[in-house]
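In: Mind folding the following:
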Amino acid sequence: MARIPLRLIIVLSFIIAALFLPCFAYCQNAPDAYAGEFAGWHVKVPMNNYYFVRSVLNIFGTKWGATPKNEKELEERIWEQLVLSFEAFKRGIKVETPELEEELGKMLKDAKVDFDWKKSPADYEKWVKAKTAEPVDFFQNQLRHLIQLEKLRKQVLDGVKPSVSEEQAYDEYINEYNTIELELAQFDELKDAQDYYNKMQNPDLWDKRAKKDPKFFKRPGFVSFEFLINMWMIPKADLYKMLKMEVNSIYPPTPVYKGYGVFRIIKKREADPAEFPKLKDSYFQQVENIKKYEGLNDWVKKLKEEAGIVVYPRASGGAKGE
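Out: This is a model prediction of the structure:
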């Protein structure tokens, strides 16, 4: 059998790529306009697809992960969804009509509409237009896209089979049940945090500063170590040292999510190891779920690296019409 030339394979890949998102029948850009390419897969990404995913994020927000804070983070999320959508296409993941109707029914129920969208298509169309300024078929195609990505995520999650030890389950229990309330003074520089700590060894001085400037301190609340480790990025070892200190003690500077913190211990509660056997099974499941999502995140990262995302420069940034 004759070998197919590499150039022809690449051309065929570009043609196939033009079908990989359900949005293509609804997008209006010129078919020869490209936003970039997946260099690792020899696939060009039409501008149609780019604007479609951008509109999905503008309408529905980010269902997975933190909300983008700026244009750079939004661009990263758009290209991540484009990669995932192409992967879903390659896997043959489809969204059947009953799945779409079920998701649409949930959405309209949450919106507390006063019409039956199947019996009153005119009211449904009016609602879609008011909410999105889009035609119904385009709106439903956006929902198909989101359902398709959700099915892909579930497929990957189901394929992650992590092992969990009793020690890991116990650590999760301790981190969740160990609870502490802290008052935090935050500084950008370690030197400033250390100077403040040296001055605040007497809790009365801390109280005076709190009365003088109530907004100076941050109080995450009476929360678990798990929360402080994941959200405030306070080192686990430092939290365990705080747990052994007296209430009202001042803890020296330690790194936090931004800069350095000096802490005052307001209240604390130490986990009881004797309670763990009653809750062991639930914590095995909890650690397994955490590891599954870590596995999913690692898979997404590797997939994007494999795709080799190349974004083409555009004459003017931002979305169409900006």
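
In: Work out for me the element residue 173 sits within.
Out: Take DSSP states H and E as the rule and residue 173 turns out to sit in helix 166-177.

In: Sorry, slip of the keys, the one I care about is residue 195.
Out: Secondary structure assigned from DSSP H and E places residue 195 in helix 190-199.

In: tell me which residues of that helix are tucked away?
Out: Within helix 190-199, the residues that qualify as buried by neighbour count (16 or more other CB atoms under 10 Å) are 192, 193, 196, 197. Glycine gets a C-beta too; all of them are placed from N, C-alpha and C.

In: tell me the contacts of the second one?
Out: Residues touching residue 193, when contacts are defined by CB atoms under 8 Å, 6 or more residues apart in numbering, comprise 185, 187, 253, 259, 260, 261, 262.

In: same thing but at 6 Å, please
Out: Neighbour list for residue 193: 187, 253, 260, 262 [criterion: CB atoms under 6 Å, 6 or more residues apart in numbering].

In: Kindly report the same for the third one.
Out: By CB under 6 Å, 6+ apart, the contact set of residue 196 is 185, 262.

In: all helices for the chain, in order.
Out: Taking DSSP state H as the criterion, the chain contains helices spanning 6-17, 47-60, 71-90, 97-110, 121-132, 136-159, 166-177, 190-199, 203-212, 225-231, 236-243, 276-307.

In: and these, which one's lowest on average pLDDT?
Out: Mean pLDDT per stretch puts helix 6-17 lowest among the helices of the chain, at a mean of 36.

In: Deepest in the core, which of the helices of the chain is it.
Out: When the helices of the chain are scored by mean count of other CB atoms under 10 Å, the highest mean neighbour count falls to helix 47-60 (a mean of 20).

In: Next, the angle from it to helix 121-132.
Out: Helix 47-60 and helix 121-132 are oriented at 90 degrees to each other (axes from the mean of the first three to the mean of the last three CA atoms, to 10 degrees).

In: mind checking how far helix 47-60 is from the chain centre?
Out: Mean C-alpha position of helix 47-60 versus that of the full chain (CA atoms, centre = their mean, to the nearest Å) differs by 17 Å.

In: Cool, thanks, signing off.
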